[in-house]
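Student: pasting a predicted model and its sequence here:
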Amino acid sequence: MHWIYAHLIGDYLLQNDWMAFGKKQKSWICAVHVAIYMLPFLFCNFAWWQLAIIAGQHFAQDRTGFVVWLMKVKGSEQFATGPCSPWSIIVTDNIIHILTIAVVASL
């Protein structure tokens, strides 16, 4: 379960404003973010292919508007855009990342 710490460290402690604001605008900025995000995972005993899946999923989710799209599709548009925003988006984003890592860790 050390991967939960790896996720939190990579996505919060190691991410700066430049990455947070630029990753939706340019793929290369998102790639830098994901590369730095993955550093703590090197201490989690994942196989290379597990690291690749985690990195690929993180890039795809962070580069796109997937989380907001998912919230709208499932009927949570007000939750995504109303007074709970942006925290509702941040929590949903983290849940998807953590669930993905949990599935990959179980393989």
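Tutor: Happy to help now that I have it.
Student: what is the burial count for the closest residue in space to Ala31 that isn't next to it in sequence?
Tutor: When the adjacent residues along the chain are set aside, Ala31 lies closest to Phe59, with 6.8 Å between them (Cβ to Cβ, 6 or more residues apart in numbering). Bear in mind the C-beta positions are built from the backbone N, C-alpha and C, glycine included. The burial count assigned to Phe59 is 19, neighbours taken as other Cβ atoms under 10 Å.
Student: list the buried residues for the helix or strand hosting Phe59?
Tutor: In this structure, Phe59 is located in helix 48-63 according to DSSP states H and E. Buried residues in helix 48-63, defined by neighbour count with 16 or more other Cβ atoms under 10 Å: 50, 53-55, 57-59, 61-63.
Student: and the residue located most distally from the centre of the chain, backbone torsions?
Tutor: Distance from the C-alpha centroid of the chain peaks at Pro83, with 22.4 Å (Cα atoms, centre = their mean). Backbone torsions of Pro83, given as degrees, to the nearest 10, read phi -60, psi -20.
Student: measure it to Met19 for me?
Tutor: From Pro83 over to Met19 the distance is 27 Å, taken as Cβ to Cβ, to the nearest Å.
Student: next: Ala31.
Tutor: Computed with Cβ to Cβ, the distance linking Ala31 and Met19 is 10 Å.
Student: and what of Ile29?
Tutor: 6 Å.
Student: cool, Gly82 as well?
Tutor: With distances taken as Cβ to Cβ, Gly82 is found 27 Å from Met19.
Student: between those two, which is the more surrounded one?
Tutor: Neighbours were tallied for Gly82 and for Met19 using other Cβ under 10 Å; the higher tally belongs to Met19 (18 against 10).
Student: SS state for that one?
Tutor: Taking DSSP: H, G, I helix; E, B strand; the rest coil as the rule, one finds Met19 in the helix state.
Student: report the contact partners of it.
Tutor: By Cβ atoms under 8 Å, 6 or more residues apart in numbering, Met19 lies in contact with 29-30, 32-33, 36.
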